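Participant: prediction below, plus the sequence it came from.
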Amino acid sequence: MESLRGLGDLQRVNEFFLFVEKRIQRFDESRFQGREMKWSASSSDDWAFFQRRDYEFSTSVYRKPTFTGQYLHWNSFSRHKRKINIIGTLVHRAFMVCSKGKLDPELDKILSILLENGYPENLIKSTIK
């Protein structure tokens, strides 16, 4: 079952990059005609956001408009390891998805969200390092 899901994800990624390639061609054509065109596109998943500005891609974590910032609260009755893994997962996602210019704002956003959920600041910062 996992391999079928992986193939579906791979097909979506391929379709997305075909879409990006077509947009690049349109962008090049519009620049040739003297028009400046800036565009952005988001994937069908809620994890990445791509922008193109003069042949440069930048990526950052995308959150749906309905995102509330609610994660497992630090004082909840759950294993300590699970709470620490939430921090590690969010930080790992930021490092894997975000471009250099978008990484610091994303880490600040993670810090503020987790502080609102009762996580200790020193634990968050030590995980980020």
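Facilitator: Sure thing, it's come through. Numbering: from 1, shown residues only.
Participant: output the contacting helices and strands for the strand or helix carrying His92.
Facilitator: According to DSSP states H and E, His92 maps onto helix 80-97. Packing contacts for helix 80-97, counted by 3 or more CB pairs under 8 Å, 6 or more residues apart in numbering; DSSP states H and E, involve helix 100-116, helix 121-128. C-betas here are computed from N, CA, C, even on glycine.
Participant: worst-scoring helix or strand of this structure, pLDDT-wise?
Facilitator: strand 39-42 (a mean of 47; mean pLDDT, DSSP states H and E).
Participant: show the pLDDT at Val61.
Facilitator: At Val61, the pLDDT value in this model is 87.
Participant: would you agree it is in contact with Val97?
Facilitator: Yes - counting by CB atoms under 8 Å, Val61 does reach Val97; the two are 5.5 Å apart.
Participant: got the contact list for Ile128?
Facilitator: Ile128 sits next to 91, 107, 110-111 when contact means CB atoms under 8 Å, 6 or more residues apart in numbering.
Participant: and what of Lys83?
Facilitator: Neighbours of Lys83 in contact, by CB under 8 Å, 6+ apart: 72, 74, 76, 119.
Participant: mind checking how far His80 is from Ile124?
Facilitator: 14 Å (CB to CB, to the nearest Å).
Participant: can you check Leu115 too?
Facilitator: 7 Å.
Participant: and those two? Which one has more around it.
Facilitator: Taking other CB atoms under 10 Å, Leu115 and Ile124 do not tie; Ile124 has more neighbours (19 against 13).
Participant: mind listing what's buried along stretch 118-129?
Facilitator: Within stretch 118-129, the residues that count as buried by 16 or more other CB atoms under 10 Å are 119, 124, 127-128.
Participant: now Gly118. Nearest residue, chain neighbours left out?
Facilitator: The spatial neighbour of Gly118 that comes closest, neighbours along the chain excluded (CB to CB, 6 or more residues apart in numbering), is Trp74 at 3.7 Å.
Participant: that neighbour in helix, strand or coil?
Facilitator: coil (DSSP: H, G, I helix; E, B strand; the rest coil).
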